[in-house]
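# Have a look; sequence and predicted model below, questions after that.
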Amino acid sequence: MAVSVNEAVPAGPVRDRTPPARRVAGGRGRSVLEVVLLAVLAVVMLFPVLWMIETSIKENRDVYAVPAKFIDFQVTLAHYRDVFVAPGGGRSALSVAFLNSVLVAGVSTVLATLLGVPAAWAYSRFTLKAKKDQLFFILSTRFMPPVVVVIPIFLMYRTAGLIDTPLGLILIYTAFNLPFTIWMMKGFVDEVPPEYEEAAMLDGHTRLQAFRKYTLPLLVPGIAATAVFALIFSWNEFVFAVFLTSSDSVRTAPPAIAGLIGGTTVDWGLVAASSVVFALPVLLFAYLVRKHLVAGVTLGAVRR
Amino acid sequence: MAAIEVTALHKRYPDGTVAVEHVDLSIGDGELFVMLGPSGCGKTTTLRAVAGLERQTAGDIRIGATLVNDLPPAGRDIAMVFQFYALYPHLRTRDNLAFPLRAEGLPKAEVRERVDEAARLMRLGPLLDRRPRRLSGGEQQRVALARALVRRPQAFLMDEPLTNLDAELRADMRTEIKHLQGELGTTMVYVTHDQVEAMSLGHRIAILNKGRVEQIGTPLEVYDRPASLFCAAFIGSPPMNLIDVEVADGRLRGKGGLDLTPPPGLPRDRDLVAGVRPEALEVTAPGADRSIPARVVSAEWLGDEIIYVVDHGGRRDVRVRMAPTVRFATDTRVGLRHTGAVPAVYDVRTEQLVA
């Protein structure tokens, strides 16, 4: 999860930093240097992505060509077909893995949001005994990296019959996303003045109606931002997926793609194509809610 | 319209903080009742308990003849105006006003009629089709007041409604609220930490401190005879001078020799403090009749009055309110004498009024 947050943050600040620097009097040399440095950085960061996209549309012989072909290669979509269609026709194992990813990530995000938003509201609005300790406890469940807990969870799951089931993954992802959702949403709820709800309660609504009709609509940007982060976590998650699932019919995309590498030959074209397909939904979703994402990232900077 | 009766109210939050220790209030039908106190004194919690937004730990609240302890806010037939106006940001003024009526399920024609009436009362005509973000602070507060009006509730609860406005607008709105309450004759409970607001608005004022009522009275009673040292220090700007005194020869005498007329029935064996308003003292030429020698420490020239800070040999310097025509330079030797009526006298230990 921490990785996804870091991914989302740099885009804004890096871009924002350039204009003020340019305004510095006599700072032309500096700004040229900055542009060069940023360009180098951009190439370093983006080249793997570009290479992945190129590889995904190259013929196999071009993939292995020495020296590498950057432009003059034959474009083919065969790898993309292989991602979805099995060699003998019918659905490929990868496409099943993608569907599993959609199911697991989608349902766990929805669950974490449905549980986390009301919890965040309650933590924001009510005075509770040891509220800070409770919140700290909730956050503390995220202190350990997944690798540390995966063995005990594996044993628990084996007893409970949740190994190699989509439900098992959904539950663990929900559990991992819930603390994050509660903490992030609590910040958003804190920003919405409680007077809206109180006024609505005096106007004839119950507390829950007031929350649903007045506070909830004002929270939509926050919910969108939070849900995207949760979705990215569930979509990218690898450790739990690789330990808790084994069959092709249940496996999600990350372990499935990783499974392509190894053995005697590696079909790099297929690896690249499935990686592109894997990256697209999250990119698209993040793009659609980018405004809300910025609002989420700059959380706390907005005064009421 | 209804009276509000608060009996032995106590509120402790789950985390252990006690917001209200013990409050008894008896607010008359049609009264404009002000709860005044510093922040954290329990005034807002008391108001919120009356509104039903907080459930009291103990004690009873009656609105009219109904015991409302277990009624939700919606069932209490009251309207509340908040410090933060809480207008629904996505609704135009007109819909903000109509909102509580629609929630009640009134027919359309009546809703329109009542909204128009409230808009006329609060002079909101040109603002009816704007959304809250396009209204100024004062306008938003007028809309919030109007929204409280349309319901024709049994009582208005006002939680520091003018705090967010600038000084000039605040004075205007104060007049407006007072006028409105007089016209409608609806019971109003008004919470503020601003003593000027309390004095100018209230029929009666309750001064709260640390979750308890220190004094309830009309503005003049509260001003003339504060019931405790806390009230004495809280009401009035500058506040009352507190002068250590002892009884001697049937007179009250301050440490610096200031001579005061004692109220009847003073206890003998206690340390006493006299509360003297700044306007009950007078700075005179040195050696004037009945005056004691004193020295001007500083002077605040306020235009319509001068506040002299005077050292008279007592434990604390006193503040004296004088007409702007009477001028003494800083550090001059002057005389100081008491010109007012019998002062209020407090027991130093209990901090309560003794006579």
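Cool, the structure landed.
# part of a strand, is B:P293?
Yes. Counting by DSSP: H, G, I helix; E, B strand; the rest coil, B:P293 is found in a strand.
# Was I right to think it contacts B:G335?
Yes. If you go by CB atoms under 8 Å, B:P293 and B:G335 touch, sitting 6.6 Å apart. Glycine gets a C-beta too; all of them are placed from N, C-alpha and C.
# Neighbour count for these two, which is higher?
B:G335 (19 against 15; other CB atoms under 10 Å in any protein chain shown).
# residue contacts, that one?
B:V283, B:T284, B:A285, B:P286, B:G287, B:A288, B:S291, B:I292, B:P293, B:A294 (CB atoms under 8 Å, 6 or more residues apart in numbering or on different chains).
# Next, work out how far apart it and chain A are.
Using CB to the nearest CB, to the nearest Å, B:G335 is found at 54 Å from chain A.
# pLDDT added to the contacts of B:G335, as JSON lines?
Below are those laid out as JSON lines (pLDDT from 0 to 100):
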{"residue": "B:V283", "pLDDT": "92"}
{"residue": "B:T284", "pLDDT": "91"}
{"residue": "B:A285", "pLDDT": "90"}
{"residue": "B:P286", "pLDDT": "89"}
{"residue": "B:G287", "pLDDT": "84"}
{"residue": "B:A288", "pLDDT": "85"}
{"residue": "B:S291", "pLDDT": "88"}
{"residue": "B:I292", "pLDDT": "90"}
{"residue": "B:P293", "pLDDT": "91"}
{"residue": "B:A294", "pLDDT": "92"}
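# Just the buried subset of these, please.
B:V283, B:T284, B:S291, B:I292, B:A294 (16 or more other CB atoms under 10 Å in any protein chain shown).
# What residues does the stretch 151-300 of chain A have near chain B?
By the rule CB under 8 Å from any CB of the partner chain, the part of the stretch 151-300 of chain A lying against chain B is A:193, A:195-196, A:198-199, A:201-207, A:214, A:217-218.
# Take the residues you listed and keep only those in helices.
Using DSSP state H, the members of these that fall in helices are A:E195, A:Y196, A:E198, A:A199, A:M201, A:L202, A:R207, A:P217, A:L218.
# Excluding covalently adjacent residues, which one is nearest to the third one?
Closest residue in space to A:E198, ignoring its immediate chain neighbours: B:L53 at 5.3 Å, by CB to CB, 6 or more residues apart in numbering or on different chains.
# wait, doesn't that neighbour sit right on A:M201?
Yes. B:L53 lies in contact with A:M201 (CB under 8 Å); the separation is 6.8 Å.
# sorry, back to before: from the buried ones among the contacts of B:G335, which is closest to chain A?
The shortest gap between chain A and any of the buried ones among the contacts of B:G335 belongs to B:V283, at 47.7 Å (CB to the nearest CB).
# overlap in contacts of B:P293 and B:G335?
Here B:P293 and B:G335 share the contacting residues B:P286, B:G287, scored by CB under 8 Å, 6+ apart.
# Relative to the whole chain's centre, how far out is the top helix by length along chain A?
With secondary structure taken from DSSP H, chain A has its longest helix at helix A:93-125. Distance of helix A:93-125 from the chain centroid (CA atoms, centre = their mean, to the nearest Å) equals 11 Å.
# helices and strands around the helix or strand following that helix, which ones?
Downstream of helix A:93-125, the next assigned helix or strand under DSSP states H and E is helix A:131-140. Helix A:131-140 is packed against helix A:93-125, helix A:166-191, with contacts defined by 3 or more CB pairs under 8 Å, 6 or more residues apart in numbering or on different chains; DSSP states H and E.
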